[in-house]
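Novice: Let's see this in three dimensions:
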Amino acid sequence: MRCFLTAVCVIFVLSSCGSCSLDSGPEEGGGYTFVSYNLCNAFDDVSDGTEYAEFDPAGGQWTQADYAKKLAAVGRVIAASASGGPDFAALVEIENDKVLEDLAAGPLHDEEYRWGVTLPTEGSAIRVGFLSRFPVQELRGHTPPSSGFGQRSFLEVVLDVDGEALTVFICHFKAKTEGDAATENSRRLAANTLARRIGEIAADSPGAQILILGDLNENIDEYDRKAGAYATALMPASFAASSASGAADSSAAQSLIPLYVTGEKTESSLAGPVIFYSPWLDDPPHPGSYYYRGAWETIDHTLLSAGLVDEAGLVFEDFLVVRGEFMLSASGAPKKEFSDHLPVLVKLRKH
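Specialist: Residues are numbered from 1 along each chain as shown. Below you'll find the model as predicted:
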């Protein structure tokens, strides 16, 4: 039975649609694959009045044929990102459940995803969602507070991965459209909401297995790129100690908690702020997933808690930027007919 979830605040309701014979479990080779992909405005062919003008079928610019072409394009990328398709696909910039269901029933039919949901955000034309082969145990939605700009809600999904509980967060932080510094506080507020929720999970379950996926609209080394001019949503793990001690002489020591990141798999999050391992900081296979103004950016993320880089349960195995030749222009940048982002993939293995 394929199940699609309907999220209402922090509650989820199951409904069935169609049939499926797939048993959730590892892909061939014994690993579990998780993809994060910004679809770049995946709108359906129904006029709801909430779309961006250029994607409103009522205006005549966005047609049923355009929608079918978009579904086929992004479906092809998702299916090609892992052998047999990824086990879990975190999707960003998707309009609604219809798009998700049309993907699952259409170009991704052979992948047989059994679970899926999108989470609406009031006032936003786009949202985050997922398709999963793993059973969903819990589902929650969280909306960060606003600071002059709209915020998008993010998903918290607890999966049963071959008997292991894995909490996945799917996020889409505020873009830098109005300027990097001007919008940073919005991303910091989103990171703070996320970090505090993760802190609650870690307090109840030290060593919890947590994975953050999505487009955070922030480079993994954002603080360094800004030469430390201001605190950012993602901060180097070296600042975690001063935050825990209450130091006030650091630009990072603010009331808003960032997401602390490191390229070291040995960092522990059992005491003090939770620290996340980022493959972007540890010999990444490509300089970025988003090509902007002639340079690659690392704004699409797979952040792993210490519980995923230890030697028990689910363990990090590999990270890659999905770069099939068909989705790249002659310069190596993403072809806009698919998306202006490339998917990123993380592979876990049960130890």
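Novice: so where's the longest helix in the chain?
Specialist: Among the elements of type helix in the chain, defined by DSSP state H, the one spanning the most residues is helix 180-204.
Novice: Looking at the helix or strand following that one now, give me its mean pLDDT.
Specialist: The helix or strand immediately downstream of helix 180-204 is strand 210-215, counting by DSSP states H and E. For strand 210-215, the per-residue pLDDT values average out at 98.
Novice: which stretches of this structure form helices?
Specialist: With DSSP H applied, the chain shows helices at 64-80, 97-105, 180-204, 222-225, 240-245, listed in chain order.
Novice: Flag every buried residue along the fourth one.
Specialist: Residues of helix 222-225 classed as buried: 222-223 (neighbour count, 16 or more other C-beta atoms under 10 Å). C-beta here means a position set from N, CA and C on the backbone, and glycine is covered the same way.
Novice: coming back round to it: tell me the angle of the longest helix of the chain relative to strand 210-215?
Specialist: Taking axes from the mean of the first three to the mean of the last three C-alpha atoms, to 10 degrees, helix 180-204 and strand 210-215 form an angle of 160 degrees between their directions.
Novice: Just give me how far helix 180-204 sits from the chain centre.
Specialist: Distance of helix 180-204 from its chain centroid, counting by C-alpha atoms, centre = their mean, to the nearest Å, is 14 Å.
Novice: Can you name every helix or strand that it contacts?
Specialist: Using 3 or more C-beta pairs under 8 Å, 6 or more residues apart in numbering; DSSP states H and E as the contact test, the elements touching helix 180-204 are strand 136-142, strand 154-161, strand 164-172, strand 210-215, strand 259-262.
Novice: from those, which stretch is densest packed?
Specialist: Sort the helices and strands packed on helix 180-204 by mean neighbour count, taking mean count of other C-beta atoms under 10 Å, and strand 210-215 sits at the top with a mean of 27.
Novice: Given it, what are its sheet partners and their directions?
Specialist: With DSSP bridges as the test, strand 210-215 is paired with strand 164-172 (parallel), strand 300-304 (antiparallel).
Novice: Turn those into a markdown table, columns for distance to G129 and mean pLDDT.
Specialist: Conversion of the strands paired with strand 210-215 to a markdown table gives the following (distance: least, C-beta to C-beta, whole Å; pLDDT from 0 to 100):
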| stretch | distance to G129 | mean pLDDT |
| --- | --- | --- |
| strand 164-172 | 7 | 98 |
| strand 300-304 | 16 | 98 |
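Novice: so which of the ones you listed gets nearest I275?
Specialist: Using C-beta to C-beta as the measure, strand 300-304 is the one of the strands paired with strand 210-215 that comes nearest I275, at 9.7 Å.
Novice: Show residues contacting that closest one.
Specialist: 34, 36-38, 210-216, 220, 259, 261, 276-280, 289-290, 316, 319, 341-346 (C-beta atoms under 8 Å, 6 or more residues apart in numbering).
Novice: on that earlier part again, which one of the helices of the chain is the most hemmed in?
Specialist: Once neighbours are counted as mean count of other C-beta under 10 Å, the most buried of the helices of the chain proves to be helix 97-105, having a mean of 21.
Novice: Report the inter-axis angle for it versus helix 64-80.
Specialist: Computed by the same axes, to 10 degrees, the angle separating helix 97-105 from helix 64-80 equals 60 degrees.
Novice: Helix 97-105 packs against which elements?
Specialist: If you count contacts as 3+ C-beta pairs under 8 Å, 6+ apart, helix 97-105 packs onto strand 3-8, helix 64-80, strand 115-119, strand 127-132.
Novice: Just put these in CSV and tack on distance to A333 and mean pLDDT.
Specialist: Supplementary listing: those in CSV, determined by distance: least, C-beta to C-beta, whole Å; pLDDT from 0 to 100:
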stretch, distance to A333, mean pLDDT
strand 3-8, 34, 50
helix 64-80, 14, 98
strand 115-119, 28, 97
strand 127-132, 24, 98
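Novice: As a markdown table, these with distance to P236 would be great.
Specialist: Listed next are the helices and strands packed on helix 97-105 as a markdown table, based on distance: least, C-beta to C-beta, whole Å:
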| stretch | distance to P236 |
| --- | --- |
| strand 3-8 | 34 |
| helix 64-80 | 32 |
| strand 115-119 | 30 |
| strand 127-132 | 26 |
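Novice: for those, which one sits closest to S305?
Specialist: Evaluated over the helices and strands packed on helix 97-105, closeness to S305 peaks at strand 127-132, with 18.4 Å, by C-beta to C-beta.
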